[in-house]
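Asks: predicted model follows, preceded by the sequence.
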Amino acid sequence: MTKYIIRRLLWVIVLLLVVSFVTYLIFYLFPSADPAALRAGKNPALIPQIRKAYGLDKPFYEQYWIYLKNLVLHFDLGTSYTNNVSVKSEIFQRLPATISLAIGGAIIWLVMGIAIGTISAVRRHSIFDRLAMGGALVAISAPVFWLGLVCLFLFASDVGKLKIFPGSGSYVPLSQDPAKWFTSLIMPWFVLAASFAAIYARLLRANLIEVMSEDYIRTARAKGLSERRVVIRHGLRAAITPIVTAAGIDIGILLGGAILTETAFNIPGIGRLAYDSIQNADLPTVQGTVLIGAVFILLANLLVDVLYAFIDPRVRYT
């Protein structure tokens, strides 16, 4: 297991280098706007000076080497063109909001998806199964930004018609007020979790139905085990492997920024930062958010592969 983890970590480093190069190539070799002009603002006379100061007058490969050296040696992601602050500090300042949103939403969708999928698989063609799977289709079909705006219109405490969820639409950091932090994220958590819970419920239902027809399930029943133990210990454990894979990828992506949810609920996270940076053509910030997102996705995939060995006893790594 240790050798496998070391090999995967080395591959993570290689892939991050590839991501950094491709991102740099896209945003610096084919820029949509002149970075020096963006930095100079209304003073175009400063453009030549800015180009020299930031190395923008050098060939592409020299620019990338300087960027890579600063990234590897100092974890320097550059300086924002719009507000002249460190991209690294801005990302880490917004990271707690994104983590709060992603982890809270993941807990809700995993609990709901696994519970609904399991019950639907065990009670196939029942009223619960039909209602749950029909509701899942509706949840999957509802875009996040649309669902978020509808929920704000109906339930937000300040502008909503019903005013059920206090604090929605105005994020409060956990360090400032834990109670208001929780209430400000209740609606975003459920909006973010809606489509994921529906997808996971349908996926788990299909896998569990297939697993429950296997020979070892019939053997477990023949041994006199209770139906609950057969379903949870034998059936669910084998059927949940694809759920773990999907959860690892989805959580990794969301930790890199849930752009639509953060934008709809005005949450100052990495996704909102990426959205604003794209709007302002702030290339270093866009590049920094892309790299951070890649780190989370790669590490989440590594964690999923390690968890396989504990969930499925048939998996062995050498």
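Replies: Everything's here; your move.

Asks: what average pLDDT does the host helix or strand of A115 get?
Replies: For A115, the element it lies in under DSSP states H and E is helix 87-122. Helix 87-122 comes out with an average pLDDT of 90.

Asks: give the buried residues for that helix.
Replies: Going by neighbour count (16 or more other C-beta atoms under 10 Å), the buried part of helix 87-122 is 87-88, 90-91, 94-95, 97-102, 104-106, 108-110, 112-114, 116-122. From N, CA and C alone the C-beta is placed, and that goes for glycine too.

Asks: now do the SS call for the closest residue to L203 other than its chain neighbours.
Replies: Closest residue to L203 apart from its sequence neighbours, by C-beta to C-beta, 6 or more residues apart in numbering: P242 at 6.1 Å. Look at P242: counting by DSSP: H, G, I helix; E, B strand; the rest coil, its state is helix.

Asks: how close does P242 get to A222?
Replies: Separation of P242 from A222 (C-beta to C-beta, to the nearest Å): 27 Å.

Asks: thinking again about what came up before, counting by contacts, list what the helix holding A115 packs against.
Replies: If contacts are counted by 3 or more C-beta pairs under 8 Å, 6 or more residues apart in numbering; DSSP states H and E, helix 87-122 sits against helix 127-141, helix 178-211, helix 241-255, helix 259-264, helix 270-279, helix 283-311.

Asks: list of residues touching the first one?
Replies: Going back to what we said before, that points to helix 127-141. Identification of contacts with helix 127-141 by C-beta atoms under 8 Å, 6 or more residues apart in numbering yields I116, I119, S120, R123, A194, S195, A197, A198, I199, A201, R202, R205.

Asks: my guess is the fifth one contacts A142. True?
Replies: Yes - with contacts defined as C-beta atoms under 8 Å, A194 counts as touching A142 at a distance of 6.8 Å.

Asks: looking at the two now, which is surrounded by more residues?
Replies: Neighbours per residue (other C-beta atoms under 10 Å) separate A194 from A142, with A194 holding more: 24 against 16.
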